[in-house]
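Asks: okay, predicted coordinates and the sequence, questions at the end:
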Amino acid sequence: MTMSLTSEARMIKGVGPQRAELLAERGIHTVGELLGYLPFRYEDRIHFSQVKDIQPNGTYTIRARVMSGQAIPNRRFRRDAIYHLLVEDEAGGVLPCKFFHGGYLEGRLKAGQLLILHGKAEIDRLRPARLEMINPQIELLESEDADSTEVGRIVPIYEAIGTFGSKQIRRAMYAAVRLIDPRMPDVLPENLRASLGYPTRGEALLHSHFPEPTESLDRLNTFRSPAQQRLIFEEFFLYQLSLGLDRHAMRRENAIAFRVREDPIREALKRILPFK
């Protein structure tokens, strides 16, 4: 089944009526508008860092299994809890993680679960000889053979929309890009696109959501990949085009001619205006 950009977003697998309502609150009603909801960050899940290689103040993405986890009540703020998580990577490296206001993780993470951690490594203030991650972003993987949208590629990370989390948005996007026709009409003239070295609109949408493994992670996270630059240029292009059409329409309107260059009128204006 092929969909157009004007098809309703609720028709995409993984969206449905309830999530469509959440999208509608953000002004997202169609497949085209859904594809316009771009990732705010990308992670390299082809090459994971190992615990033994992490350094203080560096940011890393690690694939590991849960060893243990426990929520400890905060003595100063009784309603809050600090969740202490211990994980082990495939090489046997052990990494402690700490989540402030992490009581919600109690019972959610169980020993043996496979997950992705992304965060900054810091020196444990109580134990200066060890490193830890404070409030890393986590994503549970359901199995070793995780969905192709989760591992083995540069993975897009989306801002959650209510209860519609990044993983679910990513899967919906993957379904969407597979259903649309990549030969969709292009708003940029072909000669302009060629002169700038930009991809087609279909290619730009596909590679902005699911970049090629060879794409630079640094370029992606600074929004300088060819696909991202093409979409940014398109937005400015359409904005300038709309301003030009507005100006053209205004020039065709009958207007009142003011004879401000005539001396009597200039003198009258000088007397009225409260400045020299």
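Replies: Received it, and whenever you're ready, just let me know what you need. Fair warning: this is a prediction, and the values are worked out from it, not measured in the lab.

Asks: and the strands in the stretch 51-200 of the chain?
Replies: Here the stretch 51-200 of the chain has its strands, by DSSP state E, counting those that start in this stretch, at 59-73, 81-89, 94-99, 114-123, 131-134, 137-141, 154-157.

Asks: same list, the ones you listed, but as TSV with mean pLDDT, mean neighbour count and distance to Y174 please.
Replies: Yep, even glycine has a C-beta here, placed from its N, CA and C like the rest. As requested, the strands of the stretch 51-200 of the chain are exported to TSV (pLDDT from 0 to 100; neighbours: other C-beta atoms under 10 Å; distance: least, C-beta to C-beta, whole Å):
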stretch	mean pLDDT	mean neighbour count	distance to Y174
strand 59-73	92	17	19
strand 81-89	93	20	26
strand 94-99	94	19	28
strand 114-123	92	18	17
strand 131-134	94	19	28
strand 137-141	86	17	15
strand 154-157	94	21	9
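
Asks: any idea how far R193 is from P226?
Replies: Distance, R193 to P226, using C-beta to C-beta, to the nearest Å: 11 Å.

Asks: so what sits against both of the two?
Replies: Applying C-beta atoms under 8 Å, 6 or more residues apart in numbering, one finds that R193 and P226 are jointly contacted by P199.

Asks: OK, contacts around the closest residue to R219 other than its chain neighbours?
Replies: In this structure, R219 finds its nearest non-sequential neighbour in S225, 4.8 Å apart by C-beta to C-beta, 6 or more residues apart in numbering. By C-beta under 8 Å, 6+ apart, the contact set of S225 is 207-208, 211, 215-216, 219.

Asks: ok, 10 Å please
Replies: S225 makes contacts with 42, 199, 204, 207-208, 211-212, 215-219, 231, as judged by C-beta atoms under 10 Å, 6 or more residues apart in numbering.

Asks: same deal with G27?
Replies: By C-beta under 10 Å, 6+ apart, the contact list for G27 reads 33, 36-37.

Asks: how about the secondary structure of the spatially most central residue of the chain?
Replies: The residue lying closest to the centre of the chain (C-alpha atoms, centre = their mean) is P39, at 2.0 Å. Judged by DSSP: H, G, I helix; E, B strand; the rest coil, the three-state class of P39 is coil.

Asks: so what pLDDT did it get?
Replies: You'll see P39 listed with a pLDDT of 97.

Asks: just use 320 as the starting number from now, easier for me
Replies: From this message on, residue numbering opens at 320, which makes the last subject P358.

Asks: that one touches H526, doesn't it?
Replies: No: the criterion here is C-beta atoms under 10 Å, and P358 misses it with H526 at 11.5 Å.

Asks: between these two, which contacts overlap?
Replies: Both P358 and H526 are contacted by 473, 539, 547, under the criterion C-beta under 10 Å, 6+ apart.

Asks: so the first one touches D537, yeah?
Replies: If I follow you right, that is I473. No: taking C-beta under 10 Å as the definition, I473 is not a contact partner of D537, at 11.4 Å.

Asks: shared neighbours of the two, anything?
Replies: Y361.

Asks: quick one on the thing from earlier: minimum distance to H348: which of the strands of the stretch 370-519 of the chain has it?
Replies: For the strands of the stretch 370-519 of the chain, proximity to H348 was assessed by C-beta to C-beta; strand 473-476 is nearest, at 21.3 Å.
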